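Undergrad: Need the 3D shape of this:
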Amino acid sequence: MSDENDIKQSARDDVLALGVRLLVYASILIIPAILFIRFQFLPFDDCLRHAAKVVSGRSWGEIVLLRECMSVDQHPGWHAFLSVLHLYFGMGKEQLVFVEWTLLFIFVSVAAVPFFRRPESWVAAMLLACLALPENYMFRLTRGRPYLLTETVLLVLLALWGRNERKTLLLQAATIGLIALSTFVHGTAWYLWILLVMAFVLSGRKGDAVRFCGCWLVGVLLGAMFTGRPFSYLYQLLEIPFLSFGNGALARMLVGEFQPDSGRLIYLLAIGFVFLVRYVVTQVWLHDSAERFLLTLAAIGWLGGLHVSRLWNEWGLPSAQLWLAFVIQDILMSFKSQSFSVRLVLPAGLCLGLILSASGDLDGRWSRAVVPVKYGDCVNLYSGSSDAGKNIGNDWLPGDGGVVYNSQMDVFDLFFFKYPSGKWRYVYGFEAGLMTEENLKVLRNIQFNHGGWAAYKPWSNAMRAKDRLIVISSGQPEISSLEWLEYEKNLWIGRTITVPNK
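TA: Numbering: from 1, shown residues only. Sure, this is the predicted structure:
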(Lines give C-alpha, C1' and ligand atoms only; values in the text may rest on other atoms or scores of the structure.)
Protein backbone atom coordinates (compact mmCIF):
# COMPACT_ATOMS: atom_id res chain seq x y z
CA MET A 1 0.00 0.00 0.00
CA SER A 2 2.85 2.31 0.85
CA ASP A 3 4.51 1.68 -2.50
CA GLU A 4 1.27 2.49 -4.30
CA ASN A 5 0.93 5.78 -2.42
CA ASP A 6 4.52 6.64 -3.23
CA ILE A 7 3.87 6.02 -6.91
CA LYS A 8 0.78 8.24 -6.86
CA GLN A 9 2.63 10.97 -4.99
CA SER A 10 5.51 10.79 -7.46
CA ALA A 11 3.07 11.08 -10.37
CA ARG A 12 1.41 14.12 -8.75
CA ASP A 13 4.80 15.70 -8.20
CA ASP A 14 5.74 15.16 -11.84
CA VAL A 15 2.50 16.73 -13.04
CA LEU A 16 2.98 19.67 -10.67
CA ALA A 17 6.58 20.17 -11.83
CA LEU A 18 5.47 20.13 -15.45
CA GLY A 19 2.72 22.62 -14.69
CA VAL A 20 5.18 25.01 -13.02
CA ARG A 21 7.58 24.75 -15.95
CA LEU A 22 4.81 25.51 -18.44
CA LEU A 23 3.73 28.43 -16.25
CA VAL A 24 7.24 29.86 -16.36
CA TYR A 25 7.41 29.61 -20.15
CA ALA A 26 3.95 31.14 -20.50
CA SER A 27 4.78 34.09 -18.25
CA ILE A 28 7.86 34.92 -20.33
CA LEU A 29 5.86 34.72 -23.58
CA ILE A 30 3.13 36.94 -22.18
CA ILE A 31 5.50 39.87 -21.56
CA PRO A 32 6.25 40.78 -25.21
CA ALA A 33 2.58 40.20 -26.07
CA ILE A 34 1.53 42.77 -23.45
CA LEU A 35 4.16 45.28 -24.57
CA PHE A 36 3.06 45.13 -28.18
CA ILE A 37 -0.70 44.87 -27.72
CA ARG A 38 -0.97 47.49 -24.98
CA PHE A 39 1.77 49.93 -26.05
CA GLN A 40 2.46 48.98 -29.69
CA PHE A 41 6.03 48.85 -28.47
CA LEU A 42 8.82 48.75 -31.03
CA PRO A 43 12.30 49.70 -29.82
CA PHE A 44 14.34 52.64 -31.02
CA ASP A 45 17.83 51.25 -31.34
CA ASP A 46 20.22 49.41 -33.64
CA CYS A 47 17.44 46.98 -34.57
CA LEU A 48 16.13 49.74 -36.85
CA ARG A 49 19.32 49.86 -38.89
CA HIS A 50 19.48 46.07 -39.15
CA ALA A 51 15.97 45.95 -40.60
CA ALA A 52 16.59 48.93 -42.88
CA LYS A 53 19.83 47.47 -44.21
CA VAL A 54 18.10 44.26 -45.21
CA VAL A 55 15.30 46.17 -46.94
CA SER A 56 17.81 48.42 -48.73
CA GLY A 57 19.79 45.49 -50.13
CA ARG A 58 23.02 47.49 -49.89
CA SER A 59 26.32 47.07 -48.09
CA TRP A 60 27.33 49.33 -45.21
CA GLY A 61 29.91 50.99 -47.43
CA GLU A 62 27.07 52.18 -49.68
CA ILE A 63 25.11 53.52 -46.70
CA VAL A 64 27.73 55.05 -44.40
CA LEU A 65 31.00 56.87 -45.12
CA LEU A 66 33.43 54.37 -43.59
CA ARG A 67 37.19 54.54 -43.22
CA GLU A 68 38.95 52.41 -45.82
CA CYS A 69 40.14 49.75 -43.38
CA MET A 70 36.55 48.90 -42.36
CA SER A 71 34.80 46.89 -45.03
CA VAL A 72 33.20 43.91 -43.26
CA ASP A 73 29.67 43.51 -41.98
CA GLN A 74 29.77 43.12 -38.19
CA HIS A 75 26.59 41.00 -38.08
CA PRO A 76 26.52 38.92 -41.29
CA GLY A 77 24.57 36.04 -39.79
CA TRP A 78 21.87 38.29 -38.38
CA HIS A 79 21.42 40.10 -41.67
CA ALA A 80 21.28 36.77 -43.51
CA PHE A 81 18.47 35.64 -41.20
CA LEU A 82 16.53 38.88 -41.66
CA SER A 83 17.08 38.71 -45.42
CA VAL A 84 15.36 35.32 -45.51
CA LEU A 85 12.37 36.76 -43.66
CA HIS A 86 12.27 39.76 -46.00
CA LEU A 87 12.78 37.98 -49.32
CA TYR A 88 10.89 34.73 -48.75
CA PHE A 89 8.20 35.77 -46.28
CA GLY A 90 7.63 39.30 -47.53
CA MET A 91 8.27 41.00 -44.19
CA GLY A 92 8.68 44.76 -44.25
CA LYS A 93 10.92 46.79 -42.00
CA GLU A 94 8.36 47.15 -39.17
CA GLN A 95 7.70 43.41 -39.16
CA LEU A 96 11.42 42.70 -39.10
CA VAL A 97 11.90 44.95 -36.06
CA PHE A 98 9.04 43.15 -34.30
CA VAL A 99 10.62 39.76 -35.00
CA GLU A 100 14.03 41.02 -33.85
CA TRP A 101 13.05 42.18 -30.40
CA THR A 102 10.42 39.54 -29.57
CA LEU A 103 12.52 36.59 -30.73
CA LEU A 104 15.69 37.69 -28.97
CA PHE A 105 13.81 38.59 -25.79
CA ILE A 106 12.30 35.11 -25.67
CA PHE A 107 15.63 33.42 -26.43
CA VAL A 108 17.58 35.17 -23.68
CA SER A 109 14.73 34.88 -21.16
CA VAL A 110 14.17 31.12 -21.52
CA ALA A 111 17.75 30.02 -22.22
CA ALA A 112 18.50 29.06 -18.61
CA VAL A 113 15.10 27.59 -17.68
CA PRO A 114 15.84 23.97 -18.75
CA PHE A 115 18.81 23.80 -16.36
CA PHE A 116 16.75 24.26 -13.17
CA ARG A 117 14.87 21.63 -11.23
CA ARG A 118 12.81 24.52 -9.87
CA PRO A 119 12.42 26.85 -12.86
CA GLU A 120 10.65 29.45 -10.76
CA SER A 121 14.11 30.20 -9.39
CA TRP A 122 15.01 31.84 -12.70
CA VAL A 123 11.77 33.83 -12.65
CA ALA A 124 12.66 35.05 -9.14
CA ALA A 125 16.11 36.14 -10.35
CA MET A 126 14.57 38.04 -13.27
CA LEU A 127 12.04 39.68 -10.95
CA LEU A 128 14.78 40.80 -8.58
CA ALA A 129 16.73 42.30 -11.49
CA CYS A 130 13.62 44.13 -12.72
CA LEU A 131 13.13 45.66 -9.27
CA ALA A 132 16.79 46.45 -8.53
CA LEU A 133 17.67 47.61 -12.07
CA PRO A 134 14.42 49.22 -13.26
CA GLU A 135 16.05 51.46 -15.86
CA ASN A 136 18.51 48.91 -17.19
CA TYR A 137 17.47 45.28 -17.10
CA MET A 138 14.29 45.17 -19.20
CA PHE A 139 15.61 47.96 -21.42
CA ARG A 140 18.49 45.74 -22.51
CA LEU A 141 16.37 42.63 -22.99
CA THR A 142 14.02 44.40 -25.41
CA ARG A 143 16.58 46.09 -27.68
CA GLY A 144 16.33 43.49 -30.44
CA ARG A 145 20.09 43.61 -30.97
CA PRO A 146 22.29 40.59 -31.80
CA TYR A 147 24.23 40.87 -28.53
CA LEU A 148 21.20 39.16 -26.99
CA LEU A 149 21.92 36.04 -29.00
CA THR A 150 25.48 36.04 -27.65
CA GLU A 151 24.01 36.47 -24.17
CA THR A 152 21.73 33.47 -24.83
CA VAL A 153 24.72 31.38 -25.85
CA LEU A 154 26.60 32.60 -22.78
CA LEU A 155 23.85 31.50 -20.39
CA VAL A 156 23.68 28.04 -21.97
CA LEU A 157 27.44 27.56 -21.85
CA LEU A 158 27.72 28.82 -18.27
CA ALA A 159 25.08 26.32 -17.19
CA LEU A 160 26.67 23.46 -19.13
CA TRP A 161 30.29 24.08 -18.16
CA GLY A 162 29.50 25.18 -14.64
CA ARG A 163 27.61 22.08 -13.53
CA ASN A 164 28.98 19.26 -15.70
CA GLU A 165 31.92 17.50 -14.10
CA ARG A 166 32.82 15.52 -17.24
CA LYS A 167 33.58 17.61 -20.30
CA THR A 168 32.48 15.14 -22.97
CA LEU A 169 33.17 15.42 -26.67
CA LEU A 170 29.48 16.18 -27.17
CA LEU A 171 29.70 19.14 -24.80
CA GLN A 172 32.81 20.45 -26.51
CA ALA A 173 31.25 20.04 -29.95
CA ALA A 174 28.15 21.91 -28.77
CA THR A 175 30.38 24.67 -27.37
CA ILE A 176 32.19 25.03 -30.68
CA GLY A 177 28.90 25.21 -32.56
CA LEU A 178 27.35 27.79 -30.25
CA ILE A 179 30.42 30.04 -30.27
CA ALA A 180 30.56 29.75 -34.07
CA LEU A 181 26.92 30.84 -34.23
CA SER A 182 27.62 33.79 -31.94
CA THR A 183 30.66 34.82 -34.00
CA PHE A 184 28.73 34.72 -37.26
CA VAL A 185 25.71 36.60 -35.90
CA HIS A 186 27.38 39.01 -33.45
CA GLY A 187 31.00 39.25 -34.47
CA THR A 188 31.96 42.17 -32.24
CA ALA A 189 32.02 39.89 -29.17
CA TRP A 190 34.32 37.14 -30.47
CA TYR A 191 37.37 38.20 -28.42
CA LEU A 192 35.42 38.70 -25.17
CA TRP A 193 34.97 34.95 -24.65
CA ILE A 194 38.43 35.12 -23.12
CA LEU A 195 36.66 36.39 -19.99
CA LEU A 196 35.39 32.85 -19.40
CA VAL A 197 38.93 31.48 -19.72
CA MET A 198 40.06 34.01 -17.11
CA ALA A 199 37.19 33.01 -14.81
CA PHE A 200 38.10 29.33 -15.09
CA VAL A 201 41.72 30.05 -14.21
CA LEU A 202 40.92 32.35 -11.28
CA SER A 203 38.38 29.89 -9.86
CA GLY A 204 40.97 27.09 -9.89
CA ARG A 205 39.68 25.14 -12.90
CA LYS A 206 42.76 25.29 -15.11
CA GLY A 207 41.90 22.10 -17.02
CA ASP A 208 38.52 23.52 -18.01
CA ALA A 209 40.26 26.76 -18.96
CA VAL A 210 42.43 24.91 -21.47
CA ARG A 211 39.53 22.90 -22.88
CA PHE A 212 37.22 25.90 -23.18
CA CYS A 213 39.98 27.98 -24.75
CA GLY A 214 40.39 25.35 -27.46
CA CYS A 215 36.64 25.24 -28.11
CA TRP A 216 36.54 29.04 -28.22
CA LEU A 217 39.31 29.37 -30.81
CA VAL A 218 37.91 26.63 -33.03
CA GLY A 219 34.39 28.04 -32.76
CA VAL A 220 35.51 31.58 -33.61
CA LEU A 221 37.41 30.41 -36.69
CA LEU A 222 34.51 28.24 -37.80
CA GLY A 223 32.03 31.09 -37.45
CA ALA A 224 34.33 33.53 -39.24
CA MET A 225 34.76 31.13 -42.16
CA PHE A 226 31.08 31.55 -43.04
CA THR A 227 31.80 35.19 -43.88
CA GLY A 228 34.19 34.20 -46.68
CA ARG A 229 36.87 36.52 -45.24
CA PRO A 230 37.63 34.99 -41.84
CA PHE A 231 40.88 36.75 -40.98
CA SER A 232 39.82 40.19 -42.25
CA TYR A 233 36.54 39.77 -40.41
CA LEU A 234 38.16 38.96 -37.07
CA TYR A 235 40.91 41.57 -37.40
CA GLN A 236 38.61 44.44 -38.30
CA LEU A 237 36.21 43.61 -35.46
CA LEU A 238 39.11 43.53 -33.03
CA GLU A 239 40.28 46.92 -34.32
CA ILE A 240 36.95 48.70 -33.62
CA PRO A 241 37.40 49.29 -29.86
CA PHE A 242 40.90 50.68 -30.43
CA LEU A 243 39.53 53.13 -32.99
CA SER A 244 36.61 54.06 -30.75
CA PHE A 245 38.68 54.71 -27.63
CA GLY A 246 41.37 56.56 -29.57
CA ASN A 247 41.56 60.19 -30.62
CA GLY A 248 41.50 61.35 -27.00
CA ALA A 249 37.77 60.70 -26.69
CA LEU A 250 36.29 61.41 -23.26
CA ALA A 251 34.01 58.79 -21.73
CA ARG A 252 30.91 60.93 -22.32
CA MET A 253 31.69 61.01 -26.06
CA LEU A 254 31.53 57.23 -26.44
CA VAL A 255 28.50 55.11 -27.25
CA GLY A 256 26.61 53.93 -24.19
CA GLU A 257 28.10 50.43 -24.06
CA PHE A 258 31.63 51.87 -23.94
CA GLN A 259 30.87 54.29 -21.11
CA PRO A 260 31.49 53.41 -17.43
CA ASP A 261 28.81 51.71 -15.36
CA SER A 262 27.68 53.00 -11.96
CA GLY A 263 28.41 49.74 -10.13
CA ARG A 264 24.73 48.94 -9.47
CA LEU A 265 24.95 49.06 -5.66
CA ILE A 266 21.25 48.32 -5.08
CA TYR A 267 21.46 45.17 -7.18
CA LEU A 268 24.59 44.03 -5.33
CA LEU A 269 22.90 44.57 -1.97
CA ALA A 270 19.87 42.61 -3.14
CA ILE A 271 21.80 39.56 -4.27
CA GLY A 272 23.97 39.79 -1.15
CA PHE A 273 20.82 39.57 0.97
CA VAL A 274 19.65 36.47 -0.91
CA PHE A 275 23.12 34.97 -0.44
CA LEU A 276 22.87 35.49 3.32
CA VAL A 277 19.39 33.96 3.42
CA ARG A 278 20.75 30.86 1.68
CA TYR A 279 23.49 30.58 4.30
CA VAL A 280 21.00 30.93 7.16
CA VAL A 281 18.78 28.24 5.66
CA THR A 282 21.43 25.75 4.50
CA GLN A 283 24.54 26.69 6.52
CA VAL A 284 26.53 26.64 3.26
CA TRP A 285 28.39 29.57 1.72
CA LEU A 286 29.48 28.09 -1.61
CA HIS A 287 28.46 24.63 -2.76
CA ASP A 288 31.04 23.80 -5.39
CA SER A 289 33.45 25.04 -8.06
CA ALA A 290 30.51 25.92 -10.31
CA GLU A 291 29.48 28.69 -7.93
CA ARG A 292 33.04 29.97 -7.69
CA PHE A 293 33.25 30.06 -11.47
CA LEU A 294 29.99 32.00 -11.90
CA LEU A 295 30.87 34.43 -9.12
CA THR A 296 34.35 34.96 -10.55
CA LEU A 297 32.99 35.80 -13.99
CA ALA A 298 30.42 38.12 -12.42
CA ALA A 299 33.19 39.86 -10.46
CA ILE A 300 35.36 40.23 -13.57
CA GLY A 301 32.43 41.74 -15.45
CA TRP A 302 31.56 44.06 -12.58
CA LEU A 303 35.11 45.36 -12.21
CA GLY A 304 35.51 45.79 -15.96
CA GLY A 305 32.11 47.48 -16.13
CA LEU A 306 33.33 50.28 -13.90
CA HIS A 307 35.35 51.35 -16.93
CA VAL A 308 33.35 49.85 -19.85
CA SER A 309 29.72 49.06 -19.03
CA ARG A 310 29.49 46.43 -21.76
CA LEU A 311 31.63 44.06 -19.70
CA TRP A 312 29.10 44.13 -16.87
CA ASN A 313 25.88 44.24 -18.89
CA GLU A 314 26.75 41.53 -21.40
CA TRP A 315 29.00 39.25 -19.34
CA GLY A 316 28.97 39.98 -15.61
CA LEU A 317 25.23 40.47 -15.17
CA PRO A 318 24.14 37.24 -16.97
CA SER A 319 26.60 35.27 -14.85
CA ALA A 320 25.37 36.96 -11.67
CA GLN A 321 21.76 36.24 -12.65
CA LEU A 322 22.48 32.56 -13.25
CA TRP A 323 24.31 32.24 -9.93
CA LEU A 324 21.50 34.06 -8.14
CA ALA A 325 18.90 31.70 -9.61
CA PHE A 326 20.86 28.65 -8.37
CA VAL A 327 21.06 30.24 -4.90
CA ILE A 328 17.29 30.81 -4.88
CA GLN A 329 16.78 27.21 -6.01
CA ASP A 330 18.82 26.02 -3.02
CA ILE A 331 16.56 28.04 -0.71
CA LEU A 332 13.41 26.57 -2.26
CA MET A 333 14.76 23.03 -2.16
CA SER A 334 15.64 23.39 1.53
CA PHE A 335 12.00 23.59 2.57
CA LYS A 336 11.12 20.25 4.14
CA SER A 337 7.42 20.67 3.53
CA GLN A 338 6.91 20.79 -0.25
CA SER A 339 3.22 21.62 0.08
CA PHE A 340 0.88 22.79 -2.64
CA SER A 341 1.45 26.43 -1.68
CA VAL A 342 5.22 26.09 -2.00
CA ARG A 343 5.13 24.14 -5.24
CA LEU A 344 2.44 26.05 -7.13
CA VAL A 345 1.19 29.20 -5.40
CA LEU A 346 4.69 30.63 -4.88
CA PRO A 347 5.75 30.07 -8.53
CA ALA A 348 2.45 31.59 -9.69
CA GLY A 349 3.07 34.64 -7.52
CA LEU A 350 6.61 35.03 -8.83
CA CYS A 351 5.43 34.74 -12.44
CA LEU A 352 2.70 37.31 -11.87
CA GLY A 353 5.21 39.62 -10.21
CA LEU A 354 7.57 39.31 -13.16
CA ILE A 355 4.82 40.05 -15.67
CA LEU A 356 3.61 43.12 -13.79
CA SER A 357 7.10 44.45 -13.12
CA ALA A 358 8.42 43.87 -16.64
CA SER A 359 5.38 45.29 -18.43
CA GLY A 360 4.79 48.26 -16.12
CA ASP A 361 5.13 51.57 -17.99
CA LEU A 362 7.65 53.00 -15.52
CA ASP A 363 8.45 56.61 -16.51
CA GLY A 364 6.84 55.93 -19.90
CA ARG A 365 9.55 53.45 -20.85
CA TRP A 366 7.22 51.47 -23.13
CA SER A 367 4.68 54.06 -24.27
CA ARG A 368 7.42 56.47 -25.36
CA ALA A 369 10.07 53.93 -26.31
CA VAL A 370 9.54 54.34 -30.05
CA VAL A 371 11.57 57.54 -29.87
CA PRO A 372 14.64 58.50 -27.87
CA VAL A 373 13.09 59.75 -24.64
CA LYS A 374 15.90 62.22 -23.98
CA TYR A 375 14.85 64.25 -27.02
CA GLY A 376 11.26 64.73 -25.95
CA ASP A 377 8.00 63.85 -27.66
CA CYS A 378 9.01 63.33 -31.25
CA VAL A 379 6.62 61.84 -33.79
CA ASN A 380 6.18 58.07 -33.93
CA LEU A 381 8.87 57.08 -36.40
CA TYR A 382 7.04 53.93 -37.51
CA SER A 383 3.87 55.66 -38.59
CA GLY A 384 5.41 58.59 -40.44
CA SER A 385 2.45 60.62 -39.21
CA SER A 386 4.11 64.03 -39.16
CA ASP A 387 2.58 66.57 -41.57
CA ALA A 388 5.99 68.13 -42.05
CA GLY A 389 7.51 64.78 -42.80
CA LYS A 390 4.90 64.02 -45.46
CA ASN A 391 4.83 67.33 -47.31
CA ILE A 392 8.39 68.62 -47.44
CA GLY A 393 9.05 67.40 -50.96
CA ASN A 394 12.18 65.82 -52.35
CA ASP A 395 14.02 69.14 -52.47
CA TRP A 396 14.55 68.95 -48.70
CA LEU A 397 15.78 65.37 -48.80
CA PRO A 398 19.44 64.66 -49.64
CA GLY A 399 20.09 64.30 -53.36
CA ASP A 400 21.42 61.22 -55.13
CA GLY A 401 25.07 60.79 -54.17
CA GLY A 402 24.64 63.30 -51.36
CA VAL A 403 25.93 63.14 -47.81
CA VAL A 404 24.00 63.44 -44.55
CA TYR A 405 26.14 65.15 -41.91
CA ASN A 406 24.97 64.09 -38.45
CA SER A 407 26.55 64.12 -35.01
CA GLN A 408 23.90 61.94 -33.34
CA MET A 409 23.53 58.22 -33.91
CA ASP A 410 19.77 58.52 -33.38
CA VAL A 411 19.55 60.66 -36.54
CA PHE A 412 21.01 57.80 -38.52
CA ASP A 413 18.70 55.23 -36.95
CA LEU A 414 15.62 57.38 -37.57
CA PHE A 415 16.37 58.65 -41.05
CA PHE A 416 17.83 55.45 -42.46
CA PHE A 417 14.84 53.49 -41.18
CA LYS A 418 12.45 55.94 -42.84
CA TYR A 419 14.40 56.04 -46.11
CA PRO A 420 16.28 52.72 -46.47
CA SER A 421 16.49 53.15 -50.25
CA GLY A 422 17.77 56.73 -50.17
CA LYS A 423 20.75 57.11 -52.48
CA TRP A 424 22.86 59.09 -50.02
CA ARG A 425 25.35 58.24 -47.29
CA TYR A 426 25.72 59.21 -43.64
CA VAL A 427 28.93 60.46 -42.03
CA TYR A 428 28.03 58.89 -38.66
CA GLY A 429 26.31 55.53 -38.59
CA PHE A 430 26.52 53.01 -35.77
CA GLU A 431 30.01 53.49 -34.36
CA ALA A 432 32.19 56.59 -34.30
CA GLY A 433 35.38 54.55 -34.68
CA LEU A 434 34.28 53.53 -38.19
CA MET A 435 34.08 57.13 -39.43
CA THR A 436 36.67 58.63 -41.73
CA GLU A 437 39.48 60.31 -39.81
CA GLU A 438 38.47 63.79 -40.95
CA ASN A 439 34.81 63.40 -39.99
CA LEU A 440 35.72 61.76 -36.67
CA LYS A 441 37.77 64.80 -35.68
CA VAL A 442 34.80 67.07 -36.39
CA LEU A 443 32.47 64.80 -34.42
CA ARG A 444 34.77 64.69 -31.40
CA ASN A 445 35.06 68.47 -31.44
CA ILE A 446 31.25 68.78 -31.52
CA GLN A 447 30.95 66.36 -28.62
CA PHE A 448 33.74 68.05 -26.66
CA ASN A 449 31.91 71.37 -26.99
CA HIS A 450 28.59 69.79 -25.95
CA GLY A 451 27.03 70.23 -29.37
CA GLY A 452 27.97 73.90 -29.81
CA TRP A 453 26.88 75.10 -33.25
CA ALA A 454 30.26 76.67 -34.07
CA ALA A 455 31.84 73.21 -34.03
CA TYR A 456 29.70 72.22 -37.05
CA LYS A 457 31.45 74.78 -39.27
CA PRO A 458 33.78 72.30 -41.07
CA TRP A 459 30.74 70.29 -42.15
CA SER A 460 28.53 73.25 -43.09
CA ASN A 461 31.39 74.73 -45.17
CA ALA A 462 31.91 71.43 -46.99
CA MET A 463 28.24 70.91 -47.88
CA ARG A 464 27.10 70.81 -51.47
CA ALA A 465 23.60 71.45 -52.77
CA LYS A 466 22.72 67.76 -52.50
CA ASP A 467 24.07 67.36 -48.95
CA ARG A 468 22.12 67.86 -45.74
CA LEU A 469 22.96 68.53 -42.08
CA ILE A 470 20.41 66.80 -39.82
CA VAL A 471 20.31 67.39 -36.07
CA ILE A 472 17.96 66.77 -33.16
CA SER A 473 17.43 70.03 -31.29
CA SER A 474 14.68 71.70 -29.26
CA GLY A 475 15.20 74.90 -31.26
CA GLN A 476 16.42 75.91 -34.73
CA PRO A 477 20.18 75.34 -35.06
CA GLU A 478 22.18 78.55 -35.00
CA ILE A 479 24.10 77.97 -38.22
CA SER A 480 23.33 80.96 -40.43
CA SER A 481 25.03 79.61 -43.55
CA LEU A 482 22.22 77.05 -43.90
CA GLU A 483 18.47 77.31 -44.24
CA TRP A 484 16.42 75.08 -41.93
CA LEU A 485 13.23 73.06 -41.85
CA GLU A 486 11.77 71.31 -38.83
CA TYR A 487 11.09 68.03 -40.57
CA GLU A 488 9.51 66.51 -37.49
CA LYS A 489 9.27 67.87 -33.97
CA ASN A 490 12.84 68.51 -32.78
CA LEU A 491 14.32 67.02 -35.96
CA TRP A 492 15.90 69.70 -38.18
CA ILE A 493 17.18 69.47 -41.74
CA GLY A 494 19.66 72.08 -42.95
CA ARG A 495 20.74 72.75 -46.54
CA THR A 496 22.83 75.30 -48.35
CA ILE A 497 20.91 78.52 -48.93
CA THR A 498 19.31 78.54 -52.34
CA VAL A 499 19.69 81.86 -54.19
CA PRO A 500 16.66 82.47 -56.47
CA ASN A 501 17.32 83.20 -60.14
CA LYS A 502 16.96 86.85 -61.20
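
Undergrad: Against Phe36, how distant is Ser359?
TA: Counting by C-beta to C-beta, to the nearest Å, the separation of Ser359 from Phe36 is 10 Å. Every C-beta, even on glycine, is put in place using the N, C-alpha and C of the backbone.

Undergrad: Counting neighbours around each, name which of these two comes out higher.
TA: With neighbours defined as other C-beta atoms under 10 Å, Ser359 and Phe36 compare such that Ser359 has more, 20 against 15.

Undergrad: mind checking the SS state of the nearest residue to that one once chain neighbours are set aside?
TA: Excluding the flanking residues, the one nearest Ser359 by C-beta to C-beta, 6 or more residues apart in numbering is Ile34, at 4.4 Å. Judged by DSSP: H, G, I helix; E, B strand; the rest coil, the three-state class of Ile34 is helix.

Undergrad: How many neighbouring residues does Ile34 have?
TA: By other C-beta under 10 Å, the residues close to Ile34 number 16.

Undergrad: pLDDT value on it, please?
TA: In this model, Ile34 is scored at 96, pLDDT.

Undergrad: Phe107 too?
TA: 97.

Undergrad: So it sits against Thr152, correct?
TA: Yes - assessed by C-beta atoms under 8 Å, Phe107 is found in contact with Thr152 at 4.5 Å.

Undergrad: who has more neighbours, the two?
TA: Remark: of Phe107 and Thr152, Thr152 carries more neighbours, 22 against 16, as counted by other C-beta under 10 Å.

Undergrad: what comes up buried for the helix or strand hosting that one?
TA: Thr152 is located in helix 147-163, with elements delineated by DSSP states H and E. For helix 147-163, a neighbour-count test (16 or more other C-beta atoms under 10 Å) marks 147-159, 161-162 as buried.

Undergrad: of these, closest to Lys441?
TA: Using C-beta to C-beta, Tyr147 comes nearest to Lys441 of those, at 28.7 Å.

Undergrad: Wait, that closest one touches Leu317, no?
TA: No - at 12.0 Å, Tyr147 does not count as touching Leu317 under the criterion of C-beta under 8 Å.

Undergrad: Contacts for stretch 129-146 next, please.
TA: Outside stretch 129-146, the residues within contact range by C-beta atoms under 8 Å, 6 or more residues apart in numbering are 32, 35, 41, 43, 45-47, 50, 75, 78, 97, 100-102, 104-105, 108-109, 126, 148, 185-186, 264, 266-267, 270, 313, 317, 321, 354, 357-358, 362-363, 365, 369.

Undergrad: Buried ones among those residues?
TA: Among those, those that count as buried by neighbour count (16+ other C-beta under 10 Å) are 32, 35, 41, 43, 45-47, 50, 75, 78, 97, 100-102, 104-105, 108-109, 126, 148, 185-186, 264, 267, 270, 313, 317, 321, 354, 357-358, 365, 369.

Undergrad: Identify all contacting residues around stretch 63-80.
TA: Residues outside stretch 63-80 that contact it (C-beta under 8 Å, 6+ apart): 50, 53-54, 56, 59-61, 146, 149, 181, 184-188, 223, 226-227, 229, 232-233, 236-237, 239-240, 243, 403, 412, 416, 425-430, 434-437, 439.

Undergrad: and if we set it to 6 Å?
TA: 54, 146, 184-185, 187-188, 227, 233, 236, 425-427, 429, 434, 436 (C-beta atoms under 6 Å, 6 or more residues apart in numbering).

Undergrad: so of those residues, which ones are in helices?
TA: Counting by DSSP state H, the part of the contacts of stretch 63-80 found in helices is 54, 184-185, 233, 236.

Undergrad: got the contact list for Glu100?
TA: Applying C-beta under 6 Å, 6+ apart to Glu100 gives the contacts 47, 144.

Undergrad: let's see 7 Å
TA: 47, 50-51, 144 (C-beta atoms under 7 Å, 6 or more residues apart in numbering).

Undergrad: Which single one of the buried residues of helix 147-163 is nearest to Leu217?
TA: Distance to Leu217 across these (C-beta to C-beta) is lowest for Leu157, with 14.6 Å.

Undergrad: Now for the residue nearest to Trp323 when sequence neighbours are not counted, how many residues are close by?
TA: Once flanking residues are discounted, Trp323 sits nearest to Leu294: 3.9 Å by C-beta to C-beta, 6+ apart. Using other C-beta under 10 Å, Leu294 is surrounded by 26 other residues.

Undergrad: separation between Leu294 and Arg343?
TA: Applying C-beta to C-beta, one obtains 26 Å for the distance of Leu294 from Arg343.

Undergrad: was I right about Met253 contacting Gln447?
TA: Yes - using C-beta atoms under 7 Å, Met253 is in contact with Gln447, at 4.2 Å.
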